[in-house]
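1. here are the coordinates; sequence isn't available:
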């Protein structure tokens, strides 16, 4: 008699995603609601600057989205190592005050970019890729990680296997496990983390001042249940005006289909600032295993600077983290603002498995580890 038990590990693509036995857990149900539409209809239907093939890797009761790429050098950096380590890095050089150093580093990055393309740096499988700048990890055992990596190497022998968003605080199991495995752990950026259980932030004079500012701002905080289809264009404008137009064209370009999906399925916890009938700012955060991260953040740059909408929105997020006792991953940027509010600095890494590839394909990853774990880390901490 043939067993009806699902296999210990399996991949589900567009043609068989309906057969996926989704775990009856919070993570499993969240994954089903968010991943099924993107796998069936294509990621580009929801995010304008991402071309990728998305699948689900299921290891026991752990569900991991994977993205499969071959080149796609114009992709958002969430699916493109080239965009992150070359294109995004070049955009970040404007923080350096010395013109000669900026020119030198730009020259080096352009040369590296041409070199890396020759070695197919974007031929990768990105594991646990939720298509956000930060990917929170589910509870996963070292044995499951080892099983998943071996499985993917066998099925995609010409692709490097990468895990983004690895750090010692939010993904300690992955971090410690990968240190013992044959891979390169490459520094990517400096991030800021807040543990509400270990900080006196809520009692600090500065946080009390932030709360007072929010209370006296005249803004009403609107959550998911009060946001409608009619609000989608405004929400999208607020996000794109900040993250795309002000920051970088390489950030994920979420579109109206994406917002329609996340509002319908409550995939992000939205909090919007509303005054005089108009939405002036919005945050959308995700919670996984006691941790939160905000991939959707935007505000109207035309609103007068006092009070600062960035400060108000950041206070809303901090209040959510404290009220719900959530470990808050604040991503990168705004280092002074976050540091004086007791956020801890950590270096975030990408783990890359390439030992199964031809030796020449090892070269980009070896070079990146050498550069970013030395000069790159110094740059991240300083700027």
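-> Done, it's in. Bear in mind the structure is a predicted one, so any value in this text is a computation, not a measurement.

2. what about the chain, any weak spots by pLDDT?
-> Applying pLDDT under 70 to the chain picks out residues 1-4, 97, 198-200, 202, 306-307, 379, 382-383.

3. regarding it, what is its longest helix?
-> helix 99-118 (DSSP state H).

4. buried ones in that one?
-> 105, 109, 112-113, 116 (16 or more other Cβ atoms under 10 Å). C-betas here are computed from N, CA, C, even on glycine.

5. show me what whatever helix or strand comes next after that helix is packed against.
-> Next in sequence after helix 99-118, counting helices and strands by DSSP states H and E, comes strand 124-127. In terms of contacts (3 or more Cβ pairs under 8 Å, 6 or more residues apart in numbering; DSSP states H and E), strand 124-127 is packed against strand 62-68, helix 142-155, strand 160-166.

6. which strands border strand 124-127, and is each parallel or antiparallel?
-> strand 62-68 (antiparallel), strand 160-166 (parallel) (DSSP bridges).

7. need the ones you listed in CSV (columns: distance to residue 284 and mean neighbour count).
-> Below are those laid out as CSV (distance: least, Cβ to Cβ, whole Å; neighbours: other Cβ atoms under 10 Å):
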stretch, distance to residue 284, mean neighbour count
strand 62-68, 18, 22
strand 160-166, 18, 25
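
8. which among those is found nearest to residue 39?
-> strand 62-68 (8.3 Å; Cβ to Cβ).

9. and which of the buried residues of helix 99-118 is nearest residue 52?
-> Distance to residue 52 across the buried residues of helix 99-118 (Cβ to Cβ) is lowest for residue 116, with 18.5 Å.

10. excluding chain neighbours, what is closest to the closest one?
-> residue 364 (4.7 Å; Cβ to Cβ, 6 or more residues apart in numbering).

11. and the one you found, what does it touch?
-> Applying Cβ atoms under 8 Å, 6 or more residues apart in numbering, we find residue 364 in contact with 115-116, 119, 121.

12. OK, contacts around the closest residue to residue 53 other than its chain neighbours?
-> Closest residue to residue 53 apart from its sequence neighbours, by Cβ to Cβ, 6+ apart: residue 68 at 4.3 Å. Neighbouring residues of residue 68 by Cβ under 8 Å, 6+ apart: 52-55, 125, 156, 159.

13. ok, now residue 206?
-> 340-341.

14. and the gap between it and residue 299?
-> Using Cβ to Cβ, to the nearest Å, residue 206 is found at 20 Å from residue 299.

15. can you check residue 311 too?
-> Note on residue 311: its distance to residue 299, by Cβ to Cβ, is 10 Å.

16. what does residue 314 give?
-> Distance from residue 314 to residue 299, by Cβ to Cβ: 11 Å.

17. report how many residues lie close to residue 210.
-> Residue 210 has 22 neighbours, counted by other Cβ atoms under 10 Å.

18. and it, what element?
-> For residue 210, the host element (DSSP H and E) is helix 205-215.

19. contacts for the helix or strand that that helix is followed by, please.
-> The C-terminal neighbour of helix 205-215 among helices and strands, as given by DSSP H and E, is strand 220-223. With contacts defined as Cβ under 8 Å, 6+ apart, strand 220-223 is touched by 269-275, 279, 316.

20. list the buried ones in strand 220-223?
-> Result for strand 220-223 [16+ other Cβ under 10 Å]: buried residues residue 222.

21. tell me which residues of the helix or strand following it come out buried.
-> Next along the chain after strand 220-223, taking DSSP H and E as the criterion, comes helix 232-240. Buried residues in helix 232-240, defined by neighbour count with 16+ other Cβ under 10 Å: 232, 234-236, 238-240.

22. farthest-separated two in these?
-> 232 and 240 (12.2 Å).

23. need the three-state assignment for residue 332.
-> For residue 332, the assignment made with DSSP: H, G, I helix; E, B strand; the rest coil gives coil.

24. now do the phi/psi pair for it.
-> Per-residue torsions, residue 332: phi -110, psi 180 (degrees, to the nearest 10).

25. same check, this time on the one 10 residues further on
-> Backbone dihedrals for residue 342, given as degrees, to the nearest 10, come out at phi 80, psi 20.

26. burial of it, as a residue count?
-> Around residue 342 there are 17 other residues, counting by other Cβ under 10 Å.

27. pretty sure it is touching residue 204, no?
-> Yes. The criterion here is Cβ atoms under 8 Å, and residue 342 meets it with residue 204 at 6.9 Å.

28. how is this protein carved up into domains?
-> Per automatic domain parsing, the structural domains of the chain span 9-190+346-382, 197-325.

29. to residue 334, which of the ones you listed lies closest?
-> Closest to residue 334 of the domains of the chain is domain 197-325 (Cβ to Cβ; 7.5 Å).

30. please compute how far the closest one lies from its chain's middle.
-> Remark: domain 197-325 is offset 16 Å from the chain centroid, using Cα atoms, centre = their mean, to the nearest Å.
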